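J.: Sequence and predicted structure below; questions after.
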Amino acid sequence: MLMGEIGAAQGLKGEVRLRSYTQEPAGIAAYGALEDDKGHVIEIETVRVTPKALIARIKGVTTREAAEALTHTKLYLPRARLPESDAEEWYYADLIGLAVVDNTGVMIGTVAALHNFGAGDILEIAPVSGDANLLVPFTSDTVPEVDIEGRRLTLVPPEEIE
């Protein structure tokens, strides 16, 4: 699961700016060792929150040049190491690829992605018709049922897109 991404170097002593995709941004360090896309282990030693960015120190990185070499490195955690989600909470990765059906069971499409631009989660659905992807709010009104084990969710489309 993608947990974050290393940004630009910060200062001269090897710190980096860090983009965290965890619920509590500074909590990314609590997950322990992370991996890049090649399987190299990356350990976050410290994280500090500033008004403009999350700043991290990576184990073994002590120079600006070493920090710059990590720019744009994506940080992953194996799914098995994530805590179980609460009821009515799901990891984005568990939702992507689910079949999307209407309340009568007719196939609408599949979940292509989830987005959050600040006003709430939005489902991106790739329709079986091949038409343009649909964007719908991910609320209990539009998605009354999510069945992770059954690999599907029920969608009640808002009137404007029916």
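T.: Sure thing, it's come through.
J.: Please make it C-alpha for all contacts and neighbour counts, starting now.
T.: Will do.
J.: so what are the domain limits for this protein?
T.: As given by automatic domain parsing, the domain ranges for the chain are 2-80, 92-161.
J.: how about those domains in a markdown table, adding mean neighbour count and distance to residue 86?
T.: Putting the domains of the chain into a markdown table (neighbours: other Cα atoms under 10 Å; distance: least, Cα to Cα, whole Å) gives the following:
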| stretch | mean neighbour count | distance to residue 86 |
| --- | --- | --- |
| domain 2-80 | 16 | 13 |
| domain 92-161 | 15 | 13 |
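J.: Least confident secondary structure element in the chain?
T.: helix 92-95 (a mean of 88; mean pLDDT, DSSP states H and E).
J.: Now do the next helix or strand along the chain from it: everything it contacts.
T.: Per DSSP states H and E, the first helix or strand lying C-terminal to helix 92-95 is strand 99-101. For strand 99-101, the surrounding residues in contact (Cα atoms under 8 Å, 6 or more residues apart in numbering) are 107-111, 125, 151-155.
J.: now do stretch 28-39
T.: Identification of contacts with stretch 28-39 by Cα under 8 Å, 6+ apart yields 3-4, 20-22, 41-47, 73-77, 82.
J.: Helices of this protein, start to end?
T.: Remark: helices assigned in the chain by DSSP state H are 64-68, 92-95.
J.: now those helices in TSV, with distance to residue 134?
T.: Shown next, in TSV, are those (distance: least, Cα to Cα, whole Å):
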stretch	distance to residue 134
helix 64-68	38
helix 92-95	15
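J.: mind checking which of those is nearest residue 58?
T.: Closest approach to residue 58 among the helices of the chain (Cα to Cα): helix 64-68, 8.3 Å.
J.: Distance from that closest one to the middle of the chain?
T.: The chain centroid and the centroid of helix 64-68 are separated by 26 Å, computed with Cα atoms, centre = their mean, to the nearest Å.
J.: For that helix, enumerate the helices and strands it packs against.
T.: Judged by 3 or more Cα pairs under 8 Å, 6 or more residues apart in numbering; DSSP states H and E, the packing partners of helix 64-68 are strand 2-10, strand 15-20.
J.: counting contacts, what elements does the shortest one pack onto?
T.: In this case it means strand 15-20. Counting contacts by 3+ Cα pairs under 8 Å, 6+ apart, strand 15-20 is packed against strand 2-10, strand 54-58, helix 64-68.
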